[in-house]
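> predicted structure and sequence below. I'll ask about it afterward.
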Amino acid sequence: MEKRKKSVLSIEFSTESTQELLGRQSVRTTFKLSERSIDALSILASQLGIKQKSLFDHLIDDDSALQVVAEEAEKYEAPEQRVPKTYVISRRTLKNLEKFSNEYQAPRDALVELSIERILPLISREKKKHQNRKKIFMKMQSLLKDSNELFEMAVEDLDQDDPIYRKIVHMMKTINNCHDEVGSCIERGKKIEKF
């Protein structure tokens, strides 16, 4: 008799890997935060091109940073105007937040607010980068204008099967695509200008 082969698709999970998968499971939870903190998290996630969940998880998963934040929470004064905001975070992040909240007798909202405050210098750096990107984009627009003039010359003076004409057409497609992508990046960064 032929022995049955084990399915290639069957995967054996250890207890640790099962716990790791469960820890990555998403949960919804609500915090009362200042508008500034809500905006900071949203703007930075957008600017970096990552999900808010990833940024949130990164802020709260760092035990050493969260410990420093928890120690600061004793002196923390909650802003007068706070707004309830629901976030999707990982189960592991929520457990970590609750662990530090209980251990240091600090409100979860305070820990989150102070953790978000840690990213404000990063927003300042991104704001400066955004200004530099806008300057470069203006130069790019000038390059696009010059390239369009070159293309018009090629259309008038060369045949469509000319190798130089084909190279210029290829160049124009590349420049236009790059211009559009950079323009989208600049547009996405406009939120940071008002922060």
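Everything's here; your move.
> over to T86: give its phi and psi.
phi -90, psi 130 (degrees, to the nearest 10).
> and I89, what element?
I89 is part of strand 83-90 when elements are defined by DSSP states H and E.
> can you give me the buried ones in that strand?
Buried residues in strand 83-90, counted by 16 or more other Cβ atoms under 10 Å: 85, 87, 89-90. (Glycine included, C-beta is placed from N, CA and C.)
> same deal with stretch 145-158?
147, 151, 154.
> can you check stretch 161-169 too?
For stretch 161-169, by 16+ other Cβ under 10 Å, it's 165, 168.
> which residues touch it?
Outside stretch 161-169, the residues that touch it by Cβ atoms under 8 Å, 6 or more residues apart in numbering are 150-151, 154-155, 158-160.
> so which of these are in strands?
Using DSSP state E, no member of the contacts of stretch 161-169 falls in strands.
> now intersect the residues you listed with the helices, please.
Applying DSSP state H to those, the entries found in helices are 150-151, 154-155.
> take those and lay them out in JSON lines including distance to I175 and pLDDT.
Listed next are the ones in helices among the contacts of stretch 161-169 as JSON lines, based on distance: Cβ to Cβ, whole Å; pLDDT from 0 to 100:
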{"residue": "L150", "distance to I175": "10", "pLDDT": "93"}
{"residue": "F151", "distance to I175": "9", "pLDDT": "93"}
{"residue": "A154", "distance to I175": "14", "pLDDT": "93"}
{"residue": "V155", "distance to I175": "16", "pLDDT": "93"}
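> biggest separation within these, which pair?
The most widely separated members of those are L150 and V155, with 9.9 Å between them, by Cβ to Cβ.
> nearest to K173 among the contacts of stretch 161-169?
Of the contacts of stretch 161-169, the one sitting nearest to K173 (Cβ to Cβ) turns out to be F151, at 10.4 Å.
> what's the burial count for the spatially closest residue to that closest one that is not a sequence neighbour?
The shortest distance from F151 to any non-neighbouring residue, by Cβ to Cβ, 6 or more residues apart in numbering, is to M172 (5.2 Å). Neighbours of M172 under the rule other Cβ atoms under 10 Å: 16.
> go on, the one 4 residues further on?
Other residues within reach of N176 by the criterion other Cβ under 10 Å amount to 13.
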